[in-house]
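In: Sequence first, then the predicted structure:
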Amino acid sequence: MTTCAQCDKPLIVEITPDSDSEGEAPELDNSPDTIPDDVTLSCGCHFHWECLLDSYELEKCPNCSRSIVSSPATGSSASASAQQAIIVDLNNEGGLQQQIDIFPILKEESYLRAYPEERKCRAFLEFAREGDYKAIAELLNSCDEQRFDEQFDESEMTDAPSAGGENKTPHEILRYQDPIGDMSSGLHAAVANGHREVAWLLLLLASSFPELEIPAEVYQEAAVLGVMRTEQDGKVDIRSLKDSHGRTAEDVAREAGAIWTGWIGNGRLAMP
């Protein structure tokens with residue numbers, strides 16, 4: 001049987017049977033079920049998913065040291081700076097998936113293991129890409145609750161490290177720029193994916209865009225979600241942030257086309 005190149009154990013994971021189901025007779029055989037857990041790299045080496053994450057090295061197999069990175073396909077529309085790919089066959093509880101690119105996942109997980117304090121910032125960017133403005137509000141509110149809890153228990157926690165090092169402030173999260181993704185901000189992410197609701201929320205919470213020009217329904221929804229604009233003096237305006245290509249969110253909107261008609265040239269996505 002093929003084994004993991006890292007731990008030398010079978011490429012399976014055990015699943016304990018659920019014994020709490022109502023109306024079901026107890027099983028005589030309580031041995032755990034197993035499902036595949038096999039990541040096959042292009043070099044031919046096999047890993048458990050967690051073993052690969054634990055031993056992952058950029059560009060090469062942690063077992064045989066052969067290159068596992070491939071460039072974008074010839075003739076693709078990707079630019080020369082497009083990120084490379086790590087193509088694998090993945091066999092797990094979802095079945096066999098062949099020739100899929102896991103480089104974005106490995107890159108993200110490796111970064112978070114090195115910088116766990118940025119986990120909430122990474123979640124914020126993902127919510128902005130997905131257009132989930134309610135999740136953004138919930139995330140920001142959780143930061144306020146955490147700071148309150150830390151202040152309340154300060155006498156008991158002075159020598160204890162923060163949980164996961166994730167106590168970012170709402171101000172830091174809203175203005176976060178992706179260091180492993182072209183330094184895009186949440187506003188860049190929302191614009192690139194066509195999410196106007198997120199763009200309005202970020203204008204309300206992280207810019208000095210005139211309040212009278214923000215639709216009343218944006219304020220109403222923000223109030224329901226428990227978030228509101230705070231004093232912006234001395235804080236970076238999210239519209240001023242540029243990605244690693246020197247683009248503002250307005251530049252991204254121009255590239256996106258008609259969906260952002262009415263948003264360009266009026267100070268909504270770039271500083272006037």
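Out: Cool, got the structure.
In: How about the contacts made by residue 130?
Out: Counting by Cβ atoms under 8 Å, 6 or more residues apart in numbering, residue 130 touches 193, 195. Glycine gets a C-beta too; all of them are placed from N, C-alpha and C.
In: My read is that residue 15 contacts residue 35, right?
Out: Yes - using Cβ atoms under 8 Å as the test, residue 15 is close enough to residue 35 to be in contact (6.0 Å).
In: In this protein, where is pLDDT below threshold?
Out: Low-confidence segments of the chain (pLDDT under 70): 16-32, 71-83, 144-166.
In: Kindly recompute the last result at 80.
Out: With pLDDT under 80 as the threshold, the chain has low-confidence stretches at 1, 15-32, 57-58, 71-83, 114, 144-167.
In: what about the helices in it?
Out: Using DSSP state H, the helices of the chain run over 49-55, 103-114, 119-130, 133-152, 154-157, 170-174, 186-192, 196-206, 216-225, 249-256.
In: right, so these: which one is the most enclosed?
Out: helix 186-192 (a mean of 27; mean count of other Cβ atoms under 10 Å).
In: Which strands and helices lie in contact with that helix?
Out: helix 119-130, helix 196-206, helix 249-256 (3 or more Cβ pairs under 8 Å, 6 or more residues apart in numbering; DSSP states H and E).
In: how about CSV for the ones you listed, with distance to residue 221 added?
Out: Formatted as CSV, those follow (distance: least, Cβ to Cβ, whole Å):
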stretch, distance to residue 221
helix 119-130, 15
helix 196-206, 8
helix 249-256, 21
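In: nearest to residue 185, of these?
Out: Taking Cβ to Cβ, helix 249-256 is the member of the helices and strands packed on helix 186-192 nearest to residue 185, at 7.1 Å.
In: Report the distance from the closest one to the chain centre.
Out: Distance of helix 249-256 from the chain centroid (Cα atoms, centre = their mean, to the nearest Å) equals 22 Å.
In: That one vs helix 196-206, what angle?
Out: Calculated by axes from the mean of the first three to the mean of the last three Cα atoms, to 10 degrees, helix 249-256 forms an angle of 170 degrees with helix 196-206.
In: for residue 109, what are its contacts?
Out: 53, 56.
In: and with 7 Å instead?
Out: Contact partners of residue 109, counting by Cβ atoms under 7 Å, 6 or more residues apart in numbering, are residue 53.
In: what does residue 242 give?
Out: For residue 242, the residues meeting the contact criterion (Cβ under 7 Å, 6+ apart) are residue 248.
In: One more: residue 249?
Out: Applying Cβ under 7 Å, 6+ apart, the residues near residue 249 are 187-188, 191, 239, 269-270.
In: what do you get if the cut-off is 10 Å, keeping everything else the same?
Out: By Cβ atoms under 10 Å, 6 or more residues apart in numbering, the contact set of residue 249 is 184-192, 199, 202-203, 238-243, 260, 263, 268-270.
In: No further questions, thank you.
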